[in-house]
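Trainee: Sequence and predicted structure, then a few things I'm wondering about:
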Amino acid sequence: MCCYLRSRQPATTTTDTENHGAAAVRAAIENRTTRPIWPADLPEAMMQPQTRRRVVAALGTAVTGSLAGCTGVFATSEYDVGMRTQAFVPETLPVEPGTTVVWRNTSTRGHTVTAYEDTLPEGAAFFASGGYESEAAAREAWQDDSGGRLETDDTFEHTFEIPGEYGYVCLPHEEGGMIGTIVVEE
Ligand SMILES: [Cu+2]
């Protein structure tokens, strides 16, 4: 997102009045060495999920307002949850019963969407990219040959009917904390 860039700007570059002479030069050099990292992060960082059916209540108006200028540029496809290098965005998505949630791999890495079977509300169907019928099957398939892998721009969708919280994970990035929750509200 755009504010990612802003928040990563070193505060010292423009506002630190201590930066004279050698210190300023050193700061400028340090700046140059860190800058090239940003463009590589930029396209993915600027991709924002487009919630089709409703505005996510969790996003304050100030946040959505400040992002509005960025989202238009990269909003080439509709989806509800984006998949970044090591995160689902948004991490938690509230929806109404009957909503079909679309995940889209907005990164250059492969990911999965795999429900945490134990977290599902009673009677809710298991879901996983690759169409596996259980978490165990999905994990085995991933270990065997990256089964269920979503490549860049691939999408996965699931319709949520039963109210409750649905935890899910990206199998290859589980240790990195790539975990999400769909909250189906009553
Ligand atoms: Cu992942």
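Mentor: Looks like it came in fine. Residues are numbered from 1 along each chain as shown.
Trainee: Which strands or helices does the host helix or strand of residue 143 pack on?
Mentor: Residue 143 belongs to helix 135-145 when assigned by DSSP states H and E. Applying 3 or more Cβ pairs under 8 Å, 6 or more residues apart in numbering; DSSP states H and E, one finds that helix 135-145 contacts strand 114-115. The way it works is simple: take the backbone N, C-alpha and C, and place the C-beta from them, glycine included.
Trainee: neighbouring contacts of the strand it packs on?
Mentor: Residues outside strand 114-115 that contact it (Cβ atoms under 8 Å, 6 or more residues apart in numbering): 126-129, 132, 135, 138-139, 142, 148, 166-171.
Trainee: After the helix holding residue 143, heading C-terminal, what element do we hit next?
Mentor: Taking DSSP H and E, what comes next after helix 135-145 is strand 155-160.
Trainee: partners of that following strand in the sheet?
Mentor: The strands beside strand 155-160 in its sheet (DSSP bridges) come out as strand 99-105 (antiparallel).
Trainee: do the strand it pairs with and the ion meet?
Mentor: No - counting by Cβ under 5 Å from the ion, the ion has no neighbours in strand 99-105; the shortest distance is 8.4 Å.
Trainee: Identify the residues contacting the nearest residue to residue 140 once chain neighbours are set aside.
Mentor: Nearest non-adjacent residue to residue 140, counting by Cβ to Cβ, 6 or more residues apart in numbering: residue 147, 7.9 Å away. Residues near residue 147 by Cβ under 8 Å, 6+ apart: 130, 132, 138, 140, 141.
Trainee: what's the answer for residue 150, then?
Mentor: By Cβ under 8 Å, 6+ apart, the neighbours of residue 150 are 83, 103, 105, 110, 111, 112, 113, 129, 156.
Trainee: try 6 Å this time
Mentor: 105, 111, 129, 156 (Cβ atoms under 6 Å, 6 or more residues apart in numbering).
Trainee: neighbour-wise, which of those leads?
Mentor: Within these, neighbour counts (other Cβ atoms under 10 Å) peak at residue 111, which reaches 29 neighbours.
Trainee: any chance of the contacts of residue 147 in a markdown table, plus pLDDT and distance to residue 175?
Mentor: Formatted as a markdown table, the contacts of residue 147 follow (pLDDT from 0 to 100; distance: Cβ to Cβ, whole Å):
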| residue | pLDDT | distance to residue 175 |
| --- | --- | --- |
| 130 | 98 | 20 |
| 132 | 98 | 20 |
| 138 | 98 | 16 |
| 140 | 98 | 18 |
| 141 | 98 | 19 |
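Trainee: ok, of these, which one's closest to residue 180?
Mentor: residue 138 (15.1 Å; Cβ to Cβ).
Trainee: From residue 115, how far off is that closest one?
Mentor: 8 Å (Cβ to Cβ, to the nearest Å).
Trainee: anything in contact with each of the two?
Mentor: In contact with both residue 138 and residue 115: residue 128, using Cβ under 6 Å, 6+ apart.
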